[in-house]
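Engineer: kindly return the folded structure for what I paste below:
(3 chains)
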Amino acid sequence: MTIKSFFLPFILALVAFAVGFLLLDLAMMNMQGLSLIFHN
Amino acid sequence: MRQFLSVVAFTLITIGCFTAYSNYGIPQIEPAPPPKEEKLDLGSMTMDQFVALGERLFNGKGTCTLCHNSLGRAPLLDTLGDVTPGRLGDARYEGEAGNVEEYLIESLVEPSAFVVEGFGKKGTNDTESPMPDVSGGGISLSEAEILAVVAYLQERGGSEVTVEIPTDVGEGDEDEEEEEELEPREAVSDPKLLVSMFMCDACHMIDGEGGDIGPDLSGIGAARDRAYLRRAILDPNADITEGFEPDQMPEDMAEQMYVSELEILVDFLAENK
Amino acid sequence: MNRSRSNKFRQALIVLALAVVTVALAFLVFDQVNAIAAEQDVAAETAATGNYGPAPKLTAADYPTIAGVNSRVAVWIFAQLHLWFAAFVLAVPIFVFIIEAIGMRTRDKRYDDMAYEFIKVSITAYSLTAVLGGLLLFSLIVFYPQLFTYMARIFKGSMFYYALLFFVESAALYIYYYGWHWLQGGFKKWVHLTIGLVLNAAGTTLMLLANAWLTFMMSPAGVDPAGVFNGDAWAAINNFLWNPINIHRFVANIAYGGSIVGAYAAFKFLTAGTQQERAHYDWMGYNANFIAICALLPLPFAGYYLAAEIYAYSQQMGITLMGGIFAWLFIIQAVLIGTLFLSANYYLWCGMGRSDGARRYTKYIKYLAIVLVGAFLVWFTPHTLVLTNEELKSLGGPYHKILGPLGIMPAKNTAVNVMIIFTALSFMFYRRANKTATVSWVNAGNAIQVALYTAGIANIMFLGIYHGYFTNTVYKVAASIPQVLTTLVVIAASITLDSFIYRRSTDVGPVHWGRIPARAQYALFLLAVAFTWLMGLMGYIRSGIRQHWHIVDIMRDTSPDAFTPTLGYAANVVSVAAILFMAMVIFVFWIAQVSTSKTLPAGYWKEG
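Structural biologist: The predicted structure follows:
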């Protein structure tokens, strides 16, 4: 398990999934007429 | 056989644990008993008592004040005596009433007969009323109760009380219920409705409207946190804002409102910045 | 051969006797119903409202008291026992049908044998279901004659079809079961499978009809506010809460049936004499558990839908359901569902011992266990700790000072999502246990899996913590939707990714069915018992939210038992019923076993 074969794909995938989930959150909150970040 | 017995023991112990937890792990709250059915003694009632009964029904069992209040969800009923003749002559009137009393009874059981402009169901162009038939469903006022409400409305609306106290309640109306004191009311989730229900705005200014006996609550969330606001409702004399008198606010708010309502109110005030 | 014939004869005799008893009860019942119906007819005529009278207004005198029996508890227990057995005998044919089809497709006879064994377990239970149904009917008529008659007048048409379908179902079941070995191979097998389909169609329709009666009591339709029926039977059946209950019960029945069959397999495993038998029942228990868990996972969503529809039907009923005294019931429910999850996971972990390759994953299991227990504890942290307004005042608010923040809904949502994700992870380890991936990118694949779970859990925590504690109620509720979706995405994506990683994978070794510790079987018992008890508890709340109404807003309960019982009281009734049910289930299992045992008494039969 080297840097190249494990950690690099891990970091890339983590960033990709994190962005993906944030987009999902954003879409779901917007569909309910709200924003992801709370505004009073 | 040993296996069999250990399985039986295991099952019994598991069920025993669930039972014990349900009995001793959580508080045993005695649910409110079913509302009692009491007979109205109409025979010995004076007209004043009959009107007072109507008022109790109006504020309680009838749930009228949920909408007929200062928030403008439904028309206010203070000028009924003056406006009714005009309504009966209106081209949009679909009912059969000939006088104020008949009109009021009709409005209670057939609310769509005349819809005051601007108060109809959305999209029906004021042809359909959002109000339920008070003789049915969850409200279920009896004939005598409806008459009592009408008597109250006539008095309040400045018209002559023409309703007669029904006397022939022997047969069909045996089970008149006077249960507004006992019937648990629905919890309310609209903070503005709570404000008007508990009449906070009689003394407090909220969003620029209301009285000045208590501190102005517009923007109170910026100055006070939730814990403070909660305590101020539950125990009003714990902290008195400078310039205001103690012992003005009722101390029994906790008895009057549900826990969920208290939290909604606290949220509402805390977010009012 | 003779022996098995005499066993079948004995079973047929039992069924016949039961049928006679049921018919006799039915006659008794209809006699009484006719008498009351005639009374209500007179009432209807005097009211001059057409064919149907208004719902009778009852007085305490309308409730017979018989030998000091508590009417409500009697009906409650019979209804609950009937429901448990009915859930079981409806569910088993559903997955027997599926397992038989899998066997036909894979041509693996083990599936066919397992399906046969499942249906054998359910056949005695079927007779018991009918008997208990008869007892429920009988007790309803004896103790609540007015209510029953009013209901019967509205639903008499559907009751006729109910009886008809019951005969169809019985016929299909007996042909399906007794014809199993006869209808084998080729076209005959297809005929057999078709009978299975008919059996399921009849059984499911029966359940839908019965659901209509009980949902009518919760959300009456087709009647006016006084209870006068307008004659439209379909309107009464298709009432507001009918379909939400249908969906919820259908899914729950499958999970329940799986758990009971799992308990059967566990018991057979523990008492098995040979290694071969142990292997067989281990495999059967594994499959039953798998069915139960698959059906358990969507159940919270069906329950959420049902609750939302109850709210939509009547806000007052919704508030009674989620607030007030029943709020504490959901704490008990949380404990039970937590028990289900923990025992299902524990069973999976024990099952990894069947494979030699599982050693690679065992070191992670303790972390899974820690997270699951932690999430479980958060989940059953009570929301409101206040009992009386006095205490509320002294505490200054309804929340506990330290635990309070964990008791609110966002924390619970976060915990339950984490539990579901970790259960999926357990299951992934289990599937991987005996496999070795051969694709070249296995390290990168694993890295992506780790990243997927990390990002998913982080997102769930973010939504739960940020929206749960730093925003308002609207946001708190709204954030639960992306939370649930995140869970679903993680599960779906990880299964898909694993199927690619383990393409053309090699097995570490043969799976050693039967190599599982005995204590794992107790996890299966725990699953079945917790399921049974939970169903009883939720039956109490479903019925309890009607409060003092037989039929909400239409027919009032004026009996001395109209009050809503406390949770402890309800729990005691449920426990008594559950113990009765377990005793009957043991009887069913025992009968299934007896029917295969043989004794040859020496010198009894004529020689020759």
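
Engineer: rest of the way, CA atoms for contacts and neighbours
Structural biologist: Will do.

Engineer: C:Leu537 against C:Tyr569, yeah?
Structural biologist: No - applying C-alpha atoms under 8 Å, one finds C:Leu537 not in contact with C:Tyr569, separated by 11.0 Å.

Engineer: these two - which one has more neighbours?
Structural biologist: Per other C-alpha atoms under 10 Å in any protein chain shown, whichever of C:Leu537 and C:Tyr569 has more neighbours is C:Leu537, with 22 against 15.

Engineer: quick one: contacts for the more buried one?
Structural biologist: C:333, C:570-571, C:574 (C-alpha atoms under 8 Å, 6 or more residues apart in numbering or on different chains).

Engineer: and for the residue in the stretch 201-350 of chain C that chain B sits nearest to, the neighbour number?
Structural biologist: Here the stretch 201-350 of chain C gets closest to chain B at one residue, C:Pro225, 5.3 Å apart by C-alpha to the nearest C-alpha. The tally of other residues near C:Pro225 (other C-alpha under 10 Å) stands at 20.

Engineer: leaving out the residues flanking it, which one is nearest to the single nearest residue of the stretch 51-200 of chain B relative to chain A?
Structural biologist: Minimum separation of the stretch 51-200 of chain B from chain A (C-alpha to the nearest C-alpha) falls at B:Pro191, amounting to 16.4 Å. Leaving aside its sequence neighbours, B:Pro191 sits nearest to B:Leu265 (C-alpha to C-alpha, 6 or more residues apart in numbering or on different chains; 5.5 Å).

Engineer: quick check: which element contains that neighbour?
Structural biologist: helix B:259-270 (DSSP states H and E).

Engineer: the strands in the stretch 351-500 of chain C, which residues?
Structural biologist: Listed in chain order, the strands of the stretch 351-500 of chain C (DSSP state E, counting those that start in this stretch) span C:435-436.

Engineer: who's in contact with C:Ile77?
Structural biologist: With C-alpha under 8 Å, 6+ apart, C:Ile77 has these contacts: C:573-574, C:577.

Engineer: for those, which entry has the maximal number of neighbours?
Structural biologist: Result: C:Val574 is most packed of the contacts of C:Ile77 (other C-alpha under 10 Å), 28 neighbours.

Engineer: how about the nearest residue to that one, chain neighbours excluded?
Structural biologist: Per C-alpha to C-alpha, 6+ apart, closest to C:Val574 is C:Gly536, 5.6 Å.

Engineer: how far away is the one you found from chain A?
Structural biologist: Per C-alpha to the nearest C-alpha, to the nearest Å, C:Gly536 is found 36 Å from chain A.

Engineer: which element is encountered next along the chain beyond the strand or helix carrying that residue?
Structural biologist: Per DSSP H and E: C:Gly536 is located in helix C:518-544. With elements assigned by DSSP H and E, the helix or strand that comes after helix C:518-544 is strand C:549-551.

Engineer: ok, and what's touching that following strand?
Structural biologist: Contacts of strand C:549-551 (C-alpha under 8 Å, 6+ apart): C:147, C:216-220, C:555-557, C:562.

Engineer: show the average pLDDT along it.
Structural biologist: Averaging pLDDT along strand C:549-551 yields 91.

Engineer: what packs against the stretch of helix or strand C:Met582 belongs to?
Structural biologist: Take DSSP H and E as the rule and C:Met582 turns out to sit in helix C:567-594. Applying 3 or more C-alpha pairs under 8 Å, 6 or more residues apart in numbering or on different chains; DSSP states H and E, we find helix C:567-594 packed against helix B:2-20, helix C:71-106, helix C:109-143, helix C:518-544.

Engineer: all set now, cheers.
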